[in-house]
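>>> Could you look at this predicted model? Sequence included:
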Amino acid sequence: MSKIRHDWTSQEILDIYNKPLMDLLFEAATIHRQYHDPNTVQVSTLLSIKTGGCPEDCGYCPQAARYHTDIEGNDLMSVSQVKAQALRAKSSGSSRVCMGAAWRNVKDGPEFENVLEMVRTINKLDMEVCCTLGMLTENQAQRLAEAGLYAYNHNLDTSEEYYKEVISTRGYEDRLKTIDNVRKTNVTVCSGGIIGMGEKPEDRAGMLVALSRLNPQPESVPINSLVAVEGTPMEEQKPVEIWDMIRMVATTRIVMPETQVRLSAGRTEMSREGQAMCFFAGANSIFAGDKLLTTPNPDVNEDMKMFKLLGLNPQKPFLKITQPKTVEAEDSEYVPLSEKPKWSRPKHKIERNEEARKRARKQKI
Ligand code: SF4
C-alpha cells in the first residue's frame, strides 16, 4: 500500500502532474486499486436548498448577488420538499445528498433549525447527508453532527496564492478555520476546488498541498472544472481541456490515496471516453441530476447508461464510515450559542471583482 503522506511539496506534486500521461495513469490506477474498488462509483445528488443572493464575491459563482446572471433565486426549501427530492434521488441510484445554501455563514435561528431537520430526515432515509452552508462555528458543527450529518463541504477552491484573485470577501484562513471546526466533530470533511479559473498548474499543485497537509486528509475531494457563467467575472475563461481534468484527478488520487475523488462540475462538456479515463485515474464519485446547484449537469439516465457501458456499480452508502445516529431536536445536548464565526475580513474592500461587476453591468445595458 502506498503511504498516506502529509508532507508533500508543491514541486513533488507538480512533477507528478506533469508526468508522461501513460505513467501518470498507471501510477494513479495502481494506487486507486489498493484503496478502492475500481468498478464502484458513488452517485451523489446536489440540491440547492437556498439559491442566489449570496453576499460573497467568488468570481466563478452565479449565485453572488453582486453579479448579473440569469439564475432564479429562491428562499430556503421546506423539509418536505427536500425529503421528496431525496427520495427521488435514492430511487435513481444516489446514496448521498449534498444540500447547498448560498450563505456566507450559518446563522443560528429558524432557518438553521430547518436545515437540521432536513439532515435528520435524510439520514433516516439511510442516505449519506452532506451540507455546504458557508462558514460554520464549532457549536453549529456539533449541532449538525448530532442531527446525523455525514459530511460537510467547504472547498479551498485553489492555492492560497491564487485565492485572492478569485475571492476578496474572505481569506484562505477562514476556510481552514471552518474545516477545523468540522474536524472537531465526527462529521467527515469534503473539500476540493475548481480548475480553469486562470490559475497555473502550480496553483493546482498548491491546492493539493494544502488539502494533503490536513491531518486526517479530507475523506472527500471534489474536482470541478469551471463552468463559465455569463455575468460573472470569469465568463470569458476558456473551457478546461479534458487532459487537464484527467491529470488533476490522477494527481489527487496519488497524493490522497484514501479520499473519495469526486468528478463534479463540468461533466456536460466531457465525453464518455473522457469520463472513463477520469474513473480509471481514480475518480470514484459523480454528481447526478440535471443541475449542479445552478449549472447544467448530465441527465441521470445518461449516467446510468454510461455506468452500464463501463460495467460500473453505484456505491452503497456508508461504505467506509458507519452511519451517524440522529438525535431528535428535543433530546439535543447543544443549545445554539448565536456566535459569529471568526472572520478575517469584516470590513473587506472589493477591488478586482467590483471592476468585473461594473463591466458585466455595462454589457447588460
Ligand atoms: S460559491 Fe458559495 S460563498 Fe461563493 S458566492 Fe457562490 S454561494 Fe456564495
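Yes, it's here.

>>> When you work out contacts or count neighbours from here on, use the C-alpha atoms and nothing else.
Noted.

>>> Quick check: what element follows the longest strand seen in the chain along the chain?
Secondary structure assigned by DSSP state E gives strand 40-50 as the longest strand of the chain. Next helix or strand after strand 40-50 toward the C-terminus (DSSP states H and E): helix 79-91.

>>> which helices and strands does that following helix pack with?
Contacts defined by 3 or more Cα pairs under 8 Å, 6 or more residues apart in numbering; DSSP states H and E place helix 79-91 against helix 110-123.

>>> got the buried residues for whichever helix or strand comes after the helix it packs on?
Counting by DSSP H and E, the next helix or strand C-terminal to helix 110-123 is strand 128-132. Residues Glu128, Val129, Cys130, Cys131, Thr132 are the ones in strand 128-132 that count as buried (16 or more other Cα atoms under 10 Å).

>>> export the residues you listed to a markdown table and tack on distance to the ligand and pLDDT?
Shown next, in a markdown table, are those (distance: Cα to the nearest ligand atom, whole Å; pLDDT from 0 to 100):
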| residue | distance to the ligand | pLDDT |
| --- | --- | --- |
| Glu128 | 21 | 98 |
| Val129 | 18 | 98 |
| Cys130 | 15 | 98 |
| Cys131 | 12 | 98 |
| Thr132 | 8 | 97 |
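
>>> The longest strand of the chain packs against which elements?
Packing partners of strand 40-50 (3+ Cα pairs under 8 Å, 6+ apart): strand 96-101, strand 283-288, strand 291-292, strand 313-314.

>>> Tell me which of those lies nearest to the ligand.
In terms of Cα to the nearest ligand atom, the element of the helices and strands packed on strand 40-50 nearest to the ligand is strand 96-101, at 6.8 Å.

>>> Run the angle between that closest one and strand 128-132 for me.
Relative orientation of strand 96-101 and strand 128-132, computed by axes from the mean of the first three to the mean of the last three Cα atoms, to 10 degrees: 20 degrees.

>>> Name every strand pairing with strand 96-101 and say which way it goes.
strand 40-50 (parallel), strand 128-132 (parallel) (DSSP bridges).

>>> Now do the last one against helix 110-123, angle only.
Pointing back at strand 128-132 there. Using the same axes, to 10 degrees: strand 128-132 against helix 110-123 is 160 degrees.

>>> got a markdown table for the strands paired with strand 96-101, with distance to Arg253 too?
Converted to a markdown table, the strands paired with strand 96-101 look like this (distance: least, Cα to Cα, whole Å):
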| stretch | distance to Arg253 |
| --- | --- |
| strand 40-50 | 14 |
| strand 128-132 | 21 |
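
>>> Of these, which is nearest Leu337?
Minimum separation from Leu337 across those (Cα to Cα) falls at strand 128-132, 19.9 Å.

>>> Number of residues surrounding the spatially closest residue to Ala276 that is not a sequence neighbour?
For Ala276, ignoring the flanking residues on the chain, the nearest one in space by Cα to Cα, 6 or more residues apart in numbering is Leu310 at 7.5 Å. Counted with other Cα atoms under 10 Å, the neighbours of Leu310 add up to 14.

>>> any idea of the pLDDT on Leu310?
Leu310 is assigned 97 on the pLDDT scale.

>>> For it, give its distance to the ligand.
33 Å (Cα to the nearest ligand atom, to the nearest Å).

>>> Quick check: that residue vs Val189, distance?
Distance from Leu310 to Val189, counting by Cα to Cα, to the nearest Å: 29 Å.

>>> what number of residues lie near Ser344?
13.

>>> coming back round to it: gap between the longest strand of the chain and the chain center?
Chain-centre distance of strand 40-50: 10 Å, with Cα atoms, centre = their mean, to the nearest Å.

>>> Would you mind writing the CA trace of that strand as CSV?
Output in CSV follows, covering the C-alpha atoms of strand 40-50 (Å, rounded to 0.1, in the frame of the first residue of the first chain):
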residue,chain,number,x,y,z
THR,A,40,-17.7,1.2,-7.9
VAL,A,41,-18.6,4.8,-8.2
GLN,A,42,-20.8,6.8,-5.8
VAL,A,43,-23.7,8.7,-7.3
SER,A,44,-24.5,11.8,-5.2
THR,A,45,-27.2,14.4,-5.7
LEU,A,46,-26.6,18.1,-5.1
LEU,A,47,-29.7,20.1,-4.0
SER,A,48,-29.7,23.8,-3.9
ILE,A,49,-31.8,24.4,-0.9
LYS,A,50,-31.4,28.2,-1.0
